[in-house]
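Colleague: Return a 3D structure for these sequence lines:
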Amino acid sequence: VLLRGSCAAVAQLKVTRQGEPSGTPVIHGGRFKVLVELSPGRNEIEITESGSASPARITLTYTPQTNPYYLRLVWLTDSTGATEYATPDDRKQNYEDRLRTAGLLMQTFTAERMHDLGYGRKTFRLERNDQGAVVVHQWKGDHTAEEYYAYGDSTRYWSAIHKFANKKHPDPFAKNCVLAAFTRKDPA
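Modeller: Here you go, the predicted model:
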């Protein structure tokens, strides 16, 4: 959930959910925003401003969607199965956490934008496991990175990925959000 509010322009805020630290507020001009990941059921959130005697308390009840349709997050490798990707610090290679975070941010953005347009906070359902964690799949593609690069920016690339997903991982309830592990920035 995205929480927004006001505070002292030089405030420091501490946000907790169920007593545990949750989210890092962004403060600008006496306003703040903070993302808080909710668990199914009742969520007790406290926002404490530095120097304040008592925290602001919010109780939110999160009920996961039960419709059968969901967004499936996929990390697609080339035929070698290599999961590495380009980062400023190559020691930090955690595509699963990055995709989970991106999926949750897209879900939150969608809900907030739908609300802004007058539809309520409607969003899509992410695929989750039995523990409630967002699932990230790793699929090994049929081609080498060089073969995928040869497609260029044409629709042939997207068509090949679409056919691959529907042939090898069919699911009429899933929309696939596929990110390619083998993409690299070409400085030239």
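Colleague: hang on, Thr61 is in a strand, isn't it?
Modeller: Yes - assessed by DSSP: H, G, I helix; E, B strand; the rest coil, Thr61 belongs to a strand.
Colleague: which outside residues touch stretch 36-51?
Modeller: For stretch 36-51, the external contacting residues (C-beta atoms under 8 Å, 6 or more residues apart in numbering) are 1, 3, 5, 7-8, 11-19, 22-23, 25, 34, 55-64, 104, 132. Just so you know, the C-beta spots here come from the backbone N, C-alpha and C atoms, and that holds for glycine as well.
Colleague: and if we set it to 6 Å?
Modeller: Contact with stretch 36-51 is made by 1, 7, 11-18, 22-23, 55-62, 64, as judged by C-beta atoms under 6 Å, 6 or more residues apart in numbering.
Colleague: cool, and stretch 157-168?
Modeller: Residues from elsewhere that reach stretch 157-168 (C-beta under 6 Å, 6+ apart): 151, 176, 178.
Colleague: Please pick the buried ones from the residues you listed.
Modeller: With burial judged by 16 or more other C-beta atoms under 10 Å, the buried subset of these is 176, 178.
Colleague: could you redo the contacts of stretch 157-168 as TSV and give each row distance to Leu73 and secondary structure?
Modeller: Formatted as TSV, the contacts of stretch 157-168 follow (distance: C-beta to C-beta, whole Å; DSSP: H, G, I helix; E, B strand; the rest coil):
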residue	distance to Leu73	secondary structure
Tyr151	22	coil
Asn176	8	strand
Val178	9	strand
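Colleague: one step back: which of the contacts of stretch 36-51 are buried? Put it as a ChimeraX command.
Modeller: In ChimeraX syntax, the buried subset of those is picked out as below (16+ other C-beta under 10 Å):
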select :1,7,11,13,14,15,16,17,22,23,58
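Colleague: Restricted to strands, list the contacts of stretch 36-51.
Modeller: Those of the contacts of stretch 36-51 mapping onto strands are 13-17, 56-62, per DSSP state E.
Colleague: tell me, how many neighbours does the residue lying closest to Ala9 once chain neighbours are set aside end up with?
Modeller: Leaving aside its chain neighbours, Ala9 sits nearest to Gly30 (4.5 Å; criterion: C-beta to C-beta, 6 or more residues apart in numbering). Neighbour count of Gly30, defined by other C-beta atoms under 10 Å: 12.
Colleague: Look at the residue sitting furthest away from the middle of the chain and give its secondary structure.
Modeller: Going by C-alpha atoms, centre = their mean, the residue of the chain most distant from its centre is Ala53, 34.6 Å out. With three-state DSSP as the basis, Ala53 sits in coil.
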